[in-house]
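[1] Predicted coordinates and the sequence they were generated for:
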Amino acid sequence: MNVKLTSKPISAVASEILTPEQMEMYQVYRQTMGNKPLLFGGGSPDTSGSEDLSGVQFINGTRPGNPQLVELAKRQVGNVGGYPYWSWYGFDSRVEWCACFVSWCYNQAGKSEPRFAGCEWQGVPWFQSHGQWGARGYNNLAPGDAIFFDWDLDGTADHVGIVIGTDGSRVYTVEGNSGDACKIKSYDLNYQSIKGYGLMNW
C-alpha cells in the first residue's frame, strides 16, 4: 500500500473548515502579524516612557482636525496590554494592537471607518484608496490624523499612532502598543521611519 502525504499551508484549507465569520477573523489575524511584535517593543521599538507636552507650542495648519479625539486618545495613556482595544475589534486575546487602538479611538469619535487591525494590509491601503494619504514630509497635519511607521525601512508599515500636532519641527503622537502600552511620543518631521500619514476628514 502506498500512501502519499501532502502538506498544505493552513491558508489553503482555511476556507473549507472555517465559518465565514471565523474566516474573516483569521484573515484579520494574519494581517496583524505584519505589525511589529511585542518581542521588538510591542509595535514601537522605543521602550522609554511617555513624553511630557508641557511647553510645546503647536502650530495649526489649515485642516481642522479633531481635538476631542486627541483628548480621548491622551486619556488612554498608561493603558498596558491593549484591552479593551483588541477586544472591541473582535479578538478573543491580545494581538499586536496599535491599529486596534487607533480604530477604537476613531470609533469613539463617531467614525465607523477607517477600521483596521493591520497597518500595511488594511490601514495604509484604506487611506490611499480614499485619497487621504500624505507621504513623509507632508506639512498640513491635523490633530487626529494617523501616522504610520516603517521601523526597518523595508517599505512596509509596522506601527501606527494618532497625531496630536506639530510644533513645526517635530510631530507629537499618541500610540497604542508602544512597548505594549499607550504613550505620548514625538519625532522629527523628517524622521526616516515615518512612512506617511492617514489624513482624516472631520
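    Looks like it came in fine.

[2] for this protein, which strand is longest?
    Secondary structure of the chain per DSSP state E: the longest strand is strand 159-166.

[3] Each with direction, which strands does the helix or strand following that one pair with?
    As assigned by DSSP states H and E, the chain's next helix or strand after strand 159-166 is strand 170-175. Next to strand 170-175 in the sheet, as set by DSSP bridges, lie strand 159-166 (antiparallel), strand 183-188 (antiparallel).

[4] for the ones you listed, which one sits closest to residue 107?
    Counting by C-beta to C-beta, residue 107 lies closest to strand 159-166 out of the strands paired with strand 170-175; the figure is 12.7 Å. In this view, the C-beta of every residue, glycine as well, is placed from N, C-alpha and C.

[5] For the closest one, what does the pLDDT average out to?
    In this model, strand 159-166 has a mean pLDDT of 97.

[6] which residue ranges form the strands in the protein?
    133-135, 146-149, 159-166, 170-175, 183-188, 194-198.

[7] Spell out the residue ranges of the helices in the protein.
    10-17, 20-32, 67-74, 85-89, 98-108, 124-129 (DSSP state H).

[8] Can you report how many residues lie near the residue nearest to residue 192 when sequence neighbours are not counted?
    The spatially closest residue to residue 192, leaving aside those adjacent along the chain, is residue 153, at 6.6 Å (C-beta to C-beta, 6 or more residues apart in numbering). Counted with other C-beta atoms under 10 Å, residues neighbouring residue 153 total 10.

[9] next one: residue 186
    Counted with other C-beta under 10 Å, residues neighbouring residue 186 total 17.

[10] per-residue pLDDT, it?
    In this model, residue 186 is scored at 97, pLDDT.

[11] In the protein, where is pLDDT below threshold?
    9-11, 25, 27-34, 36-46 (pLDDT under 70).

[12] now with 90?
    Applying pLDDT under 90 to the chain picks out residues 1-50, 60-61, 92-93, 179, 202.

[13] ok, the closest residue to residue 132 other than its chain neighbours to residue 170 distance?
    Sequence neighbours aside, residue 199 is the residue nearest to residue 132 in space, at 4.3 Å (criterion: C-beta to C-beta, 6+ apart). Distance of residue 199 to residue 170, computed by C-beta to C-beta, to the nearest Å: 19 Å.
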